[in-house]
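>>> give me the fold of what follows.
(chains A and B)
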There are 2 protein chains.
Amino acid sequence: MMTPHSVSAQEADVKAGAARAAVCFSCHGEDGVSKNASWPNLAGQNAKYLAKQMKDFREGRRQDPTMEAMARPLSDSDIANISAYYASLSDCEPESNQ
Amino acid sequence: MMTPHSVSAQEADVKAGAARAAVCFSCHGEDGVSKNASWPNLAGQNAKYLAKQMKDFREGRRQDPTMEAMARPLSDSDIANISAYYASLSDCEPESNQ
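Numbering: from 1, shown residues only, chains lettered A, B, ... in the order given. Now for the predicted structure:
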């Protein structure tokens, strides 16, 4: 039974997620391979994990000044869509920066 | 200038990391593709990011009961080696579970 505000993975909209994730691209990349080795790659990451992290940043359960500011304006469906977008990407690129 | 206890990525030992990471396999997989969509895939993740997360869990800056217990006994070189191990893996597998 789904609680009223939660958006299931099936309903998540990858296309809407790509649009909403534009603000994430400068750090995490449009391809989900981060620009800095201190930030996580997101390509192919589990959508459920990504959604939990964004909600934790939004609600202060996980602390990072930048991510808390980025997550604060996101709605539950924004979060579901952004998560679905990055989960849909494959990171079969050259080795990630270590 | 490296502080005495930090272990640079070059010194990290992927083989030692694979051995030390055995305790991580039941959740995160030997291949770095997690067994549960609520847990992050680690294959190909940035070693620097992974190391920071393990230190944050070890020192209570990031909260999760399981991960805090798993990280508590790890030394800095364990963390560097485990991070190098998972960063060295590629997750070019079938779609991750969403």
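>>> please enumerate the helices of chain A.
Using DSSP state H, the helices of chain A run over A:14-20, A:25-28, A:47-58, A:65-71, A:76-88.
>>> tell me the pLDDT at the residue most central in space within chain A?
In chain A, the residue lying closest to the centroid (Cα atoms, centre = their mean) is residue A:83, at 4.3 Å. With respect to pLDDT, residue A:83 has a value of 98.
>>> what does residue A:19 give?
With respect to pLDDT, residue A:19 scores 96.
>>> what about it, distance to chain B?
Residue A:19 sits 19 Å away from chain B, going by Cβ to the nearest Cβ, to the nearest Å. Any C-beta I mention is one placed from the backbone N, CA and C, and that applies to glycine too.
>>> burial of that residue, as a residue count?
Residue crowding around residue A:19 was assessed by other Cβ atoms under 10 Å in any protein chain shown; the count is 12.
>>> could you pull up the residues touching residue A:42?
A:24, A:28-29, A:32, A:34, A:50, A:86, A:89 (Cβ atoms under 8 Å, 6 or more residues apart in numbering or on different chains).
>>> leaving out sequence neighbours, find the closest residue to residue A:16.
Nearest in space to residue A:16, with sequence neighbours left out and distances taken as Cβ to Cβ, 6 or more residues apart in numbering or on different chains, is residue A:81 at 4.5 Å.
>>> pretty sure that neighbour sits against residue A:22.
No: contact criterion Cβ atoms under 8 Å: residue A:81 and residue A:22 do not qualify, at 11.9 Å.
>>> more neighbours: those two, which one.
Remark: of residue A:81 and residue A:22, residue A:81 carries more neighbours, 25 against 10, as counted by other Cβ under 10 Å.
>>> list the contacts of that one.
Taking Cβ under 8 Å, 6+ apart, we find residue A:81 in contact with A:12-14, A:16-17, A:20-21.
>>> show me where pLDDT drops low in chain A?
The model of chain A has pLDDT under 70 over residues A:1-11, A:91-98.
>>> again, only this time at 50
For chain A, applying pLDDT under 50 flags the ranges A:1-4, A:94-98.
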